[in-house]
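# Any chance you can model this:
(2 chains)
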Amino acid sequence: MRRAINRFLGSPVAKPLWFFLSLLPLVWLIFGATSDSLGANPAEALIRASGDWTLRALCLVLAITPLRSGAGLTGLARFRRMAGLFVFFYAVLHLLAYGWLDMGLDLDDIAKDIAKRPFILVGFSAIVLLMLLALTSFHRAIQWMGAARWKRLHSLVYGIAMLAILHFFWMRAAKHNFQAVAVYAAVLASLLGWRVWRWMTQREPGGMLRVRAIWQRLSQAAQSRRPPSA
Amino acid sequence: MLIKTDRDAFNHPVPSDITPRAVYVQRRTVLRRMGSLMAAGGIAGWDQRQAFAQTAGWGQRPGALAELHGVAGRGDGFSVMEKVTPYKDASTYNNFYEFGTDKAEPAVNAHTLKTSPWSVDIEGLVKKPLRLTLEELLKLAPMEERIYRLRCVEGWSMVIPWVGYSLSALIRRAEPLGSARYIEFVSQADPKTMPMIRSTVLDWPYVEGLRLDEAMHPLALLGFGMYGEVLPNQNGAPVRLVVPWKYGFKSAKSLVKIRFTDRQPATAWNKAAANEYGFYSNVNPTVDHPRWSQASERRIGEDGLFARKRKTLMFNGYEAQVGQLYAGMDLKKYF
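Presented below is the predicted three-dimensional model:
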């Protein structure tokens, strides 16, 4: 089963298919807007839906590594960049929907909104960070930065995930409507939690658990700083 | 013998029988005029019936529910001159958390609400506690049609042709004591017919309140219908409050109890977030919600997708009618 999936993921049709499927939400939203089937407040529906899809794309990209290392679906490796860029894509659509449909592209009003509404400030920070990641997503950037620095920069996605959940939570707080927030928080918590668990259970050269090694080093440092007993 | 036939000999037209040429030449016009006269007579009867169905120029009754006709309200501010929101939008975009927190949910879920039998208890600082059935309430005062603006605290608004009468008629019937200063409105909260009431989004039952002078203002409406028909369940059937100069959450739906009190009632949204939702909650573009501006609003169903939002009016455009209720009050403190 795993081999079949990996083989399919390696085939030349997989990437175009993933690309096409990732665009379907946008197609559906455009269709909804033009056929007036988004309800009484289509502007609000578009802003909310594009935000929802950004969160889902984020969950998807964060699920790739656990599925790759944990479930052995190594074929997913080459989809990480496209998945990440689609998070940026839907985030930009969400920003555009807000800036145009809600704020009428009035930069002055938008600036005032960022200053006045904490959840908009949080959302904006998330998109600025996402833009950083998007701009450094191609091969030349990895070469220029070096693998280690690039990896550290792109681990910002964890911070982005937390900003995104905070943005969503604060937005929903006005109506005490936290059901959907709880679901996304649970998904993201488990995807990030998997990484914490992996980090903690890794082993140093020599076989000791990394967590144990760090604990040893910390307690040694604490002991050496303690004043000598009289 | 009495009836002349050909056998009776003399049976051909006389010169006086001949149609005058002028009339003969205009025969088609004459026929047409006779026809339209008859049609006009017929239409007159039909038109009167149509006049009941078609009210104030906003269009036809939706034909979905039982008719509830109201005479066009004649008071100050009773009828705004703005485009009425389409019935489809007004009846499918609702905040009625007892039936779900998504705006589309009440229209889908509210069919479980049982609106008959229905009665409203009147208690508290009144001469004698009452229980009025819906039938008694419907006959308490003549039904009027009022076209009011409705502004939600979330930043959207509608224009709705309500059917009802001024709340003051019910207050007079209740005979409040001199010590009564406020009215508390309690909505239906039956877990058997409102399954979402188990959620802890708000404290149930939904409670709202008005100062007595606000409630006595002619604009405050006890609503029984909209668009010429009884209220759909999701809009707060069978009887609700409509206070057009305040944010929409003050207009409590599906009322079951009205209590006269001397203390300011603890209202649902004020209990949930006191710094965001005040007791008065008058529509005020100069007093922002702590987390968003109240200076503009989106008119549902009218402005296009890319249209800019419109400016919110002080007291939702009813400043001339209700401004004096708050003269000298610090509206930033008493929001």
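# contacts for stretch A:190-198?
Where contact means C-beta atoms under 8 Å, 6 or more residues apart in numbering or on different chains, the residues beyond stretch A:190-198 that reach it are A:59, A:62-63, A:65-66, A:69-70, A:158, A:161. Yep, even glycine has a C-beta here, placed from its N, CA and C like the rest.
# Can you go through the residues you listed and name the buried ones?
Burial of the contacts of stretch A:190-198 was assessed by neighbour count (16 or more other C-beta atoms under 10 Å in any protein chain shown); the buried members are A:59, A:62-63, A:65-66, A:161.
# TSV for those residues, including pLDDT and distance to chain B?
What follows is these, written out as TSV (pLDDT from 0 to 100; distance: C-beta to the nearest C-beta, whole Å):
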residue	pLDDT	distance to chain B
A:Cys59	96	21
A:Leu62	95	27
A:Ala63	95	27
A:Thr65	93	33
A:Pro66	92	31
A:Ala161	95	23
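# all helices for the chain, in order.
Using chain A. Listed in chain order, the helices found in chain A under DSSP state H are A:2-10, A:14-34, A:42-65, A:80-96, A:107-116, A:118-135, A:139-145, A:147-154, A:156-173, A:179-200, A:210-225.
# was after chain B, sorry
Counting by DSSP H, the helices of chain B are B:21-25, B:27-53, B:87-92, B:105-109, B:134-138, B:167-174, B:212-216, B:268-272, B:319-322.
# Out of the ones you listed, which is closest to B:Pro232?
Nearest to B:Pro232 among these is helix B:87-92 (4.9 Å), distances taken as C-beta to C-beta.
# so who does B:Asn284 touch?
Residues in contact with B:Asn284 (C-beta under 8 Å, 6+ apart) are B:294, B:314-315, B:331, B:335.
# Let's see if you can find the most crowded of those residues.
Neighbour counts for these were taken using other C-beta atoms under 10 Å in any protein chain shown; the highest belongs to B:Phe315, which has 23 neighbours.
# Without its sequence neighbours, what residue ends up closest to that residue?
On the basis of C-beta to C-beta, 6 or more residues apart in numbering or on different chains, the spatially nearest residue to B:Phe315 that is not a chain neighbour turns out to be B:Trp245, at 4.3 Å.
# and chain A, which residues reach chain B?
With the criterion set to C-beta under 8 Å from any C-beta of the partner chain, chain A comes near chain B through A:33, A:39-44, A:46, A:100-102, A:104, A:112-113, A:116-119, A:170, A:174-177, A:179.
# Mind giving me the PyMOL select for those residues, buried ones only?
Buried members of these, identified by 16+ other C-beta under 10 Å, are gathered into one PyMOL selection as follows:
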select buried, chain A and resi 33+39+40+41+42+43+44+46+100+101+102+113+117+119+170+174+175+177
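# Give me the residue ranges of chain A where confidence is low.
Scanning chain A with the threshold set as pLDDT under 70 gives A:174, A:207, A:226-230.
# Find the closest residue to chain B in it.
The minimum distance from chain A to chain B, using C-beta to the nearest C-beta, falls at A:Ala40 (3.5 Å).
# which residues touch that residue?
A:Ala40 is in contact with B:88-89, B:92-93, B:103, B:300-301, counting by C-beta under 8 Å, 6+ apart.
# Just send those residues back as CSV, with pLDDT too.
Output for the contacts of A:Ala40, formatted as CSV (pLDDT from 0 to 100):
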residue, pLDDT
B:Lys88, 92
B:Asp89, 93
B:Thr92, 94
B:Tyr93, 95
B:Lys103, 92
B:Ile300, 92
B:Gly301, 84
